[in-house]
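1. kindly return the folded structure for what I paste below:
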Amino acid sequence: MRVELLCTGDELVTGLITDTNSTYLESRLFDLGIKVERVVLVGDVRPDITQALKDAASRADVVVVSGGLGPTADDFTLECAAEAAGVPLEEDAQVLGWLRERYAARGLPLNPSALRMIRVPRGAQPVRNPEGSAPLVLMQLGKAQLFFLPGVPREFRALLEGEVFPRIRAVLEARPGRTYRAFRLLRTVGMPESELDLAVAPVAPRHPRVVFGFRTHAPENHLKLMAEAASQSEADAALAAAEAECRQVLGTRTFGADADEYAAVLLELLRQAGATLSVAESCTGGLIAQQLTAIPGSSSVFIGGAVVYSEKMKAAWVGVPEQVLEQHTAVSRETATAMADGVRAACDTTYGLSVTGYAGPGGGTPEDPVGTVYCALSAPGVPTRCERISVTGDRDRVRLFAASHTLEMLRQHLLAATPIP
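-> Predicted coordinates for the structure are as follows:
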């Protein structure tokens, strides 16, 4: 099955917003064993959208179209679709009913602009949008099935999951002589993409039914495994064999699979250990705490943290001795160690983490230039460990990798303390 994506909107081609819909669609279709053949971005120009629809329909079996379905003057994607198909737009009574219900529930009058959304190409099928006003519209153009979705990511994803993917899956399952696929995404951290490639290179030839691929999602690197076979059981078995060998090669550098989130995995390890955590952050400015508290239920193990950005607060809030700061400076092994010990004592937690460094663009010394970060872990029964890392790139990248390295120190400690069979 050949699938293409057409995204419309001036905001996409002028850099005002980032196109996240295409990456989401590509990732989810890959889970079904489908690789998107082409992604096209088109501005709000009627002839360009009309021609892009004709071109995509001439090549693809399925075309997913994002954007231009709303109530404003620049929302004319369906007008272009009608022109491409040579049919008129018609007002749909069902869509009008949905709009009236939605506006009434919000206590708003149905304004004239909203009525633009009730017009669909003749012969097209509207489907109710559970997250917004503009409906999903299904339409045949030549041999291609077109799905028109709102560009708002929340609405786009809800309609993909609830309406589009089930239809695509049904078509795939009905095809005679189809190829069955099984997919796994192994997530690693602290491992460059080139190193990941080298590690699994000897494994790939032993699994000819499995396609090996790679994806960087900083600070993580992912290994994509897709097995193909004449039956689902054969594909599942081929994938399981390849995955098992890759996991053995990669060891604890693999923290999860598929939709696993790093922070959630780490918090679960803390729960299993019956442990609690606190953090003291300087250059990361609360990034570690933000990542942890983004996970529901994190309060059962994450007690709290302190953003100790100045020397004054390092001393006042996490007890870094004045003489340590004077003798070794705020960015040093000694200060990071004292921060980790101090926050652990202040919060009375099992573990304490700390991070201090030069995120840039200013600061740094000849010994510790911009990008130098000290990360420390305070744990019961062992000396506090501090690691010095050097991160290249801009301020955001330094902060991101500093937070990741600090958390990874704790994850590796927990794995070593409680070996997983």
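
2. Phe302 bridge partners, please.
-> Leu277 (DSSP bridges).

3. now it: how far from Gly352?
-> Look at Phe302 and Gly352: by C-beta to C-beta, to the nearest Å, they are 12 Å apart. C-betas here are computed from N, CA, C, even on glycine.

4. between the two, which has more neighbouring residues?
-> When Phe302 and Gly352 are compared for neighbours, Gly352 comes out ahead with 28 against 23, by other C-beta atoms under 10 Å.

5. which one is the more buried one nearest to, not counting chain neighbours?
-> Setting aside the residues directly before and after it, Gly352 is nearest to Arg344 in space (C-beta to C-beta, 6 or more residues apart in numbering), at 2.8 Å.

6. phi, psi for the one you found please.
-> phi -60, psi -40 (degrees, to the nearest 10).

7. pretty sure it contacts Ser378?
-> Yes - judged on C-beta atoms under 8 Å, Arg344 makes contact with Ser378 at a distance of 4.5 Å.

8. need the residues touching each of those two.
-> 351-352 (C-beta atoms under 8 Å, 6 or more residues apart in numbering).

9. could I get the buried residue list for stretch 307-321?
-> Across stretch 307-321, burial judged by 16 or more other C-beta atoms under 10 Å covers 307-309, 311, 314-315, 317-318, 320.

10. hey, what's in contact with both of Phe302 and Gly352?
-> With C-beta under 8 Å, 6+ apart as the test, Phe302 and Gly352 both reach 277-278.

11. quick one: Leu32 from Ala235, how far?
-> Applying C-beta to C-beta to Leu32 and Ala235 gives a distance of 12 Å.

12. quick revisit: which ones among the buried residues of stretch 307-321 are found in helices?
-> 311, 314-315, 317-318 (DSSP state H).

13. ok, back up a step: which residues do Leu32 and Ala235 both contact?
-> Between them, Leu32 and Ala235 share the contacting residues Arg181, judged by C-beta under 8 Å, 6+ apart.

14. spit out the contact partners of Ser404.
-> 189-190, 219, 262.

15. let's see that with 10 Å instead.
-> Going by C-beta atoms under 10 Å, 6 or more residues apart in numbering, Ser404 touches 189-190, 218-220, 262, 284, 287-288, 291, 375, 389, 391.

16. the residue nearest to Gly352 reaches Ala379, doesn't it?
-> Yes - between Arg344 and Ala379 a contact is recorded at 8.4 Å, counting by C-beta atoms under 10 Å.

17. which helix runs longest in this protein?
-> helix 395-417.

18. roughly how far does Arg167 sit from Arg388?
-> 53 Å.

19. can you check Glu83 too?
-> Counting by C-beta to C-beta, the gap from Glu83 to Arg388 is 62 Å.

20. residues near the closest residue in space to Ser231 that isn't next to it in sequence, how many?
-> Distance criterion C-beta to C-beta, 6+ apart; nearest residue to Ser231, sequence neighbours excluded, is Tyr180 at 5.7 Å. If you count neighbours by other C-beta under 10 Å, Tyr180 ends up with 17.

21. list the contacts for the most centrally placed residue in the chain?
-> Taking C-alpha atoms, centre = their mean, the centroid of the chain lies closest to His217, which sits 7.8 Å from it. Residues in contact with His217 (C-beta under 10 Å, 6+ apart) are Arg187.

22. likewise for Ser231?
-> So Ser231 contacts 179-180, 237 (C-beta under 10 Å, 6+ apart).

23. alright, I will stop here.
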